[in-house]
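K.L.:
could you look at this predicted model? Sequence included:
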Amino acid sequence: MPEFKHPDLFGRLAAEQKSTVPRAVLLYGMGNGADKILAELSAKSIPVAGFFASDGFVRGQFFHGQRVLSFSEVRERYAPEDCVILLAFGSARPEVLETVQRVAAEYEVLVPDMPVCGGPLFDAAFYDIHRDEIAAARALFADEASKELFDKIIAFRLTGDFRTLMDAVSERSAWDILKESRITVRKIADFGAYTGDSARAAMALFPINLILAAEPDRRNFRKLSDWSGTVTDCTVECHRVAVCDTMGEALFDDSGNRNAGLCTGKSHVTVCTDTPDGLLAGRAVDYIKYDIEGAEASALNGSVKTIRTFTPALRIALYHRSADLFQIPLQLSEISNRYRLYLTRERSFPAWDIDLVAIPIERHTS
């Protein structure tokens, strides 16, 4: 595992403030992501010179009392050596990635990786505290490609370097690994089903005859249910429930988008909760997806019986909390040692779309 001995992103910016002429710090983007970054900058006494958006998106907006500039105005006001840009929004859309890459070709762009669901930053202090766990998790991965990706993600989180982030992408997708494993996939459980997008992808790749889908957000669930009513070639069983390690009720963020969940820190309503073991009720499944906005570790604890009895293939999101990247692989290895573990990530910013893919050893033929 590579050693990291340099200041992390915010440590580096704080140190620059002590120089004779520190660079101006500009935030590219507005909204919740920018607010999280501003809070961290304020805590470290790092001033922000202004905010900007891509040309064509600026229509006289103000953010935190300042007029939002266009990128063209930034180019007029600042030479590349006079400022550093912090990317304050997220996207996986190719055209947006291309736009940001054009900015990064002229200016230094750093991407603070703020935890989606709160908790500590993955900074130098966090890395030092968890160094042994990080090394132990890295050793669990079945191939060098996963280990190299793991290293790149950690390097990005510490430095915020945009180019490192763009390079931290796997050649194989989670679906590629599942297909190449040649395991039978007919019955699946989709926890965090959203409107059925993952289920539809699975149906396009495998002869699915049962989908158990859990989605707690009322608006997403309505769309999921509407879609399930159009499916004629397999059974779709929909549950409006938040998946975790207990049956009962919990506060929930009903934002109506992909970020709706138990652990976002914006709870507005109460929803029913259940465990994967409870929902499956002893039924075998071949594949389980967990993408539940920070509740993945809790849901794994609620899946122990199913995992140990049936060893389904697993796909688990690892990007909602700083510790998920290493703690969830370690957690799964304690539940069962009957898996080969792989790491995948699709191109996006910040370091979202990271998945742990667990393939049963006894069915692994590739």
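P.N.:
Yep, that arrived. Residues are numbered from 1 along each chain as shown.
K.L.:
is it true that residue 86 touches residue 40?
P.N.:
No. Using Cβ atoms under 8 Å, residue 86 and residue 40 do not qualify as a contacting pair, with a distance of 9.9 Å. Glycine gets a C-beta too; all of them are placed from N, C-alpha and C.
K.L.:
among these two, which residue is more densely surrounded?
P.N.:
When neighbours are counted by other Cβ atoms under 10 Å, residue 86 and residue 40 differ, and residue 86 comes out ahead with 26 against 17.
K.L.:
what's the first helix or strand after whichever strand or helix holds residue 11?
P.N.:
For residue 11, the element it lies in under DSSP states H and E is helix 9-16. Read in the C-terminal direction, the helix or strand following helix 9-16 is strand 24-28, with elements assigned using DSSP H and E.
K.L.:
immediately after that next one, which helix or strand?
P.N.:
Moving toward the C-terminus from strand 24-28, the first helix or strand encountered (DSSP H and E) is helix 32-43.
K.L.:
who are the packing partners of that following helix?
P.N.:
Contacts defined by 3 or more Cβ pairs under 8 Å, 6 or more residues apart in numbering; DSSP states H and E place helix 32-43 against helix 9-16, strand 24-28.
K.L.:
now it, how far from the centre of its chain.
P.N.:
Its chain's average C-alpha position is 19 Å from that of helix 32-43, according to Cα atoms, centre = their mean, to the nearest Å.
K.L.:
can you point out the buried residues in that helix?
P.N.:
33, 34, 36, 37, 38, 40, 41 (16 or more other Cβ atoms under 10 Å).
K.L.:
the first one and residue 116 touch, don't they?
P.N.:
No. Residue 33 lies out of contact with residue 116 (Cβ under 8 Å); the separation is 9.9 Å.
K.L.:
in the stretch 201-350 of the chain, where is pLDDT below threshold?
P.N.:
254-268 (pLDDT under 70).
K.L.:
nearest to residue 168 among the helices and strands packed on helix 32-43 would be which one?
P.N.:
Shortest separation from residue 168 across the helices and strands packed on helix 32-43 is recorded for helix 9-16, at 15.0 Å, computed as Cβ to Cβ.
K.L.:
flag every buried residue along that closest one.
P.N.:
Buried residues in helix 9-16 (16+ other Cβ under 10 Å): 9, 10, 12, 13, 14.
K.L.:
distance to residue 75 and pLDDT added to these, as JSON lines?
P.N.:
Output for the buried residues of helix 9-16, formatted as JSON lines (distance: Cβ to Cβ, whole Å; pLDDT from 0 to 100):
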{"residue": "9", "distance to residue 75": "23", "pLDDT": "95"}
{"residue": "10", "distance to residue 75": "26", "pLDDT": "96"}
{"residue": "12", "distance to residue 75": "24", "pLDDT": "93"}
{"residue": "13", "distance to residue 75": "22", "pLDDT": "95"}
{"residue": "14", "distance to residue 75": "26", "pLDDT": "94"}
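K.L.:
before we move on, back to that, shared neighbours of residue 86 and residue 40, anything?
P.N.:
residue 112 (Cβ atoms under 8 Å, 6 or more residues apart in numbering).
K.L.:
quick one on the thing from earlier: out of the buried residues of helix 32-43, who's nearest residue 231?
P.N.:
Each of these was scored against residue 231 by Cβ to Cβ, and residue 33 proved nearest at 35.6 Å.
K.L.:
check contacts around the closest one.
P.N.:
Under the criterion of Cβ under 8 Å, 6+ apart, the contact list for residue 33 reads 88, 89, 90, 114.
K.L.:
how far away is it from residue 298?
P.N.:
The gap separating residue 33 from residue 298 is 25 Å, by Cβ to Cβ, to the nearest Å.
K.L.:
how about residue 119?
P.N.:
Applying Cβ to Cβ to residue 119 and residue 298 gives a distance of 14 Å.
K.L.:
these two: which is more packed in?
P.N.:
For residue 119 against residue 298, the residue with the higher neighbour count under other Cβ under 10 Å is residue 298, and the figures read 20 against 16.
K.L.:
name the element the more buried one belongs to?
P.N.:
Counting by DSSP H and E, residue 298 is part of helix 296-301.
K.L.:
what's the following helix or strand after that helix?
P.N.:
Using DSSP H and E, the helix or strand that follows helix 296-301 towards the C-terminus is helix 304-310.
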